[in-house]
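> predicted model and sequence follow; I will ask about them next.
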Amino acid sequence: MGKSNRDLAGDFLGTSKTAKLAKKYGVAGVHFGHPDGRSGRPNRMPEQVEREVAAKMANDYDVRRSLEAASLAGNKKAKKIGSINNIKSALAAEKFMKKTHKNRMGNGGAYDGANDEGGVTNYWVNKDRNKLINSLTSSNQAEPDSNKNASPNDNIRKNAPGSTELSEARARVAQHEEDIYSGTYSSNLFDKNYDPAGANSFLERYKLKLNDQRQRYQ
């Protein structure tokens with residue numbers, strides 16, 4: 001569906017959501033030059049600006065890491081956004097970050113700058129970690145006295161509250177430990193080009209580990 005005149009005006013004047021996001025990431029906005037070229041500036045169409053904004057945001061480490069951690073923590077909105085590959089997902093991600101900053105973290109000030117983005121990332125990373133710890137704690141407390149003589153694997157199969165949750169928790173722990181000892185965790189943490197949705201992301205490695213855990217404890 002094409003843009004309305006009002007949308008185009010907002011892009012041109014810098015008042016639309018896309019224009020504001022473009023300014024944040026240092027992307028030149030929409031520009032329509034004079035037909036005879038006297039302005040000396042080439043035209044910049046909305047579609048071009050949108051592609052550049054989405055590409056810039058897709059390379060924003062804090063946004064990508066926040067979406068990844070929030071997805072692992074079970075947040076449905078983050079899962080729905082997934083990876084940023086167009087202006088729609090970029091705008092949704094920006095809204096998600098702002099909502100987290102204001103509603104979940106209780107910050108009354110503006111969402112503005114690297115410190116705020118980093119704070120949102122830390123919030124979701126801690127959420128993901130706490131979910132993992134709680135899953136393991138619940139699983140360890142699920143073994144009744146009547147099964148003292150049963151093997152650990154028997155207790156896991158029979159008594160864990162939700163084998164799916166236990167498998168997911170074990171897989172995430174195993175992958176975290178593997179990444180820490182191999183140095184992958186530190187490398188990804190400081191790599192601005194790390195893609196949480198890429199083929200070699202933690203999420204993809206975790207999925208492979210999850211299949212192994214499910215087969216082992218079925």
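Yep, that arrived. Numbering: from 1, shown residues only.
> is E50 in contact with N85, as I believe?
No. E50 is beyond contact range of N85, at 11.4 Å (criterion: CB atoms under 8 Å). (Each C-beta comes from the backbone N, C-alpha and C, glycine too.)
> between the two, which one's more packed in?
Neighbour count, other CB atoms under 10 Å: between E50 and N85, E50 has more, with 21 against 12.
> just checking, what packs against whatever helix or strand the more buried one lives in?
Using DSSP states H and E, E50 falls within helix 46-58. If you count contacts as 3 or more CB pairs under 8 Å, 6 or more residues apart in numbering; DSSP states H and E, helix 46-58 packs onto helix 5-13, helix 17-24, helix 87-99.
> can I see the domain layout of this protein?
Per automatic domain parsing, the structural domains of the chain span 1-28+42-58, 60-216.
> next SSE after whichever strand or helix holds S71?
According to DSSP H and E, S71 maps onto helix 61-72. Next along the chain after helix 61-72, taking DSSP H and E as the criterion, comes helix 76-81.
> how near is the closest residue to N107 other than its chain neighbours to K76?
Closest residue to N107 apart from its sequence neighbours, by CB to CB, 6 or more residues apart in numbering: H101 at 5.2 Å. Note on H101: its distance to K76, by CB to CB, to the nearest Å, is 18 Å.
> and for I87?
22 Å.
> give me the more crowded residue out of the two.
Here I87 and K76 are compared on neighbour count by other CB under 10 Å; more neighbours surround I87, at 21 against 9.
> wait, that one sits on K56?
No. In this structure, I87 is not within contact of K56 by CB under 8 Å, at 11.1 Å.
> quick one: low-confidence parts of this structure?
1-15, 33-41, 136, 138-177, 179-218 (pLDDT under 70).
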